[in-house]
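# no sequence for this one, just the structure:
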């Protein structure tokens with residue numbers, strides 16, 4: 001059986017009702033009559049051959065089919081909006097723009113390095129880099145204001161499309177006066193008993209879990225403190241915490257010589273995960289993901 005895709009206007013009505021939990025509230029937000037909105041939902045159910053809501057008193061509860069449609073419908077609506085904006089921009093003759101968002105865990109230099117093949121391949125495109133915290137990054141990808149997001153880790157999500165774009169080597173940043181700061185290499189087991197600076201507590205960040213896991217594989221449970229300075233260069237953490245920090249900065253002096261970055265053994269790498277809006281195409285993105293495994 002061949003199924004037609006959902007009507008986007010009706011899909012938008014459905015999402016509004018699902019968010020509001022009632023036809024009355026959704027109708028007010030959409031400036032529609034309740035009758036018109038109810039009819040739109042009924043037509044969508046008829047088109048899809050599925051009941052989308054169950055009534056619980058005055059409120060509506062999503063059916064299993066409704067939950068699937070809500071999860072899949074949001075990115076579809078976002079993609080439709082993105083397509084409309086791109087068409088409008090092209091019709092106006094505007095210069096193509098590609099926005100890259102990255103979390104503080106990736107520096108601007110690292111983000112540029114990962115995207116450089118596309119920057120080189122498309123000299124006519126304007127590229128803009130923005131730093132965003134993880135939750136804001138996903139929202140920006142979903143609403144189309146960021147065309148490609150970069151973050152640490154490989155946490156799966158059904159909201160956006162993802163792929164591993166590359167890997168960066170992890171090193172140790174130490175205060176200049178630390179007893180290990182004059183070394184060129186440090187075995188990870190040598191930092192057992194040292195306090196380590198993190199940017200998010202365990203259980204809240206894939207990146208944190210990856211770093212904690214590396215310590216545990218070396219045979220010790222890491223002691224840690226969450227940095228009170230967020231969003232700054234990760235290599236600055238030893239200055240405000242007095243602790244060792246895992247960083248992806250180059251080996252050598254940093255922060256005016258007040259911090260030293262040292263290679264850690266065995267070599268440790270952390271991924272840069274890319275995120276983008278589902279149901280969209282991009283020749284700029286294609287250059288980066290010719291052989292990347294998409295999840």
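Sure, I can see it. These numbers come from a predicted model, not from an experiment. Numbers count the residues shown, from 1 in each chain.
# confidence-wise, which helix or strand of this structure is lowest on average?
The helix or strand of the chain with the poorest confidence is helix 64-91; it has a mean of 80 (mean pLDDT, DSSP states H and E).
# which helices and strands does it pack with?
Helices and strands touching helix 64-91, by 3 or more Cβ pairs under 8 Å, 6 or more residues apart in numbering; DSSP states H and E, are helix 8-20, helix 134-142. The C-beta positions use only the backbone N, C-alpha and C, and glycine is treated the same way.
# between the first one and helix 64-91, how many degrees?
What it means is helix 8-20. Angle, helix 8-20 to helix 64-91, by axes from the mean of the first three to the mean of the last three Cα atoms, to 10 degrees: 130 degrees.
# for helix 8-20, which outside residues touch it?
Helix 8-20 is contacted from outside by 6, 23, 26, 29-30, 32, 37, 40-41, 43-44, 47, 52-53, 60, 62, 66, 69-70, 73-74, 76-77, 80, using Cβ atoms under 8 Å, 6 or more residues apart in numbering.
# check the offset of that helix from the chain's centre.
25 Å (Cα atoms, centre = their mean, to the nearest Å).
# what are the buried residues along it?
10, 11, 12, 13, 14, 15, 16, 17, 18, 20 (16 or more other Cβ atoms under 10 Å).
# same thing with stretch 275-293?
275, 276, 277, 278, 280, 282, 284, 285, 288, 289.
# check stretch 262-279 too.
Buried residues in stretch 262-279 (16+ other Cβ under 10 Å): 262, 264, 268, 270, 271, 272, 273, 274, 275, 276, 277, 278.
# tell me the secondary structure at the last one.
Here residue 278 is recorded as coil under DSSP: H, G, I helix; E, B strand; the rest coil.
# you'd agree it is up against residue 161?
Yes - the pair residue 278 / residue 161 is scored as a contact, 4.9 Å apart, by Cβ atoms under 8 Å.
# ok, residue 159 touching residue 75?
Yes - contact criterion Cβ under 8 Å: residue 159 and residue 75 qualify, at 6.7 Å.
# which other residues reach the helix or strand hosting residue 54?
Using DSSP states H and E, residue 54 maps to strand 53-56. Outside strand 53-56, the residues that touch it by Cβ under 8 Å, 6+ apart are 17, 18, 41, 60, 61, 62, 63, 66.
# just stretch 210-220 next, same as before
The contact list for stretch 210-220, computed with Cβ under 8 Å, 6+ apart, reads 152-153, 170, 187-189, 191-193, 196, 198, 202, 221-222, 224, 246, 268, 270.
# can you mark which positions in it are buried?
Here stretch 210-220 shows 210, 211, 212, 214, 215, 218 as buried, counting by 16+ other Cβ under 10 Å.
# local confidence estimate at the first one?
Residue-level confidence at residue 210 comes out at 90, pLDDT.
# make JSON lines out of the buried residues of stretch 210-220 and add secondary structure and distance to residue 138.
JSON lines is the format used below for these (DSSP: H, G, I helix; E, B strand; the rest coil; distance: Cβ to Cβ, whole Å):
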{"residue": "210", "secondary structure": "helix", "distance to residue 138": "19"}
{"residue": "211", "secondary structure": "helix", "distance to residue 138": "21"}
{"residue": "212", "secondary structure": "helix", "distance to residue 138": "23"}
{"residue": "214", "secondary structure": "helix", "distance to residue 138": "25"}
{"residue": "215", "secondary structure": "helix", "distance to residue 138": "28"}
{"residue": "218", "secondary structure": "coil", "distance to residue 138": "32"}
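# could I get these as a markdown table with distance to residue 146?
Listed next are those as a markdown table, based on distance: Cβ to Cβ, whole Å:
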| residue | distance to residue 146 |
| --- | --- |
| 210 | 23 |
| 211 | 26 |
| 212 | 29 |
| 214 | 29 |
| 215 | 32 |
| 218 | 36 |
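# which of the residues in stretch 49-65 are buried?
52, 53, 60, 62.
# list the contacts of the first one.
Residue 52 is in contact with 14, 41, 44, 45, 62, 63, 65, 66, 69, counting by Cβ under 8 Å, 6+ apart.
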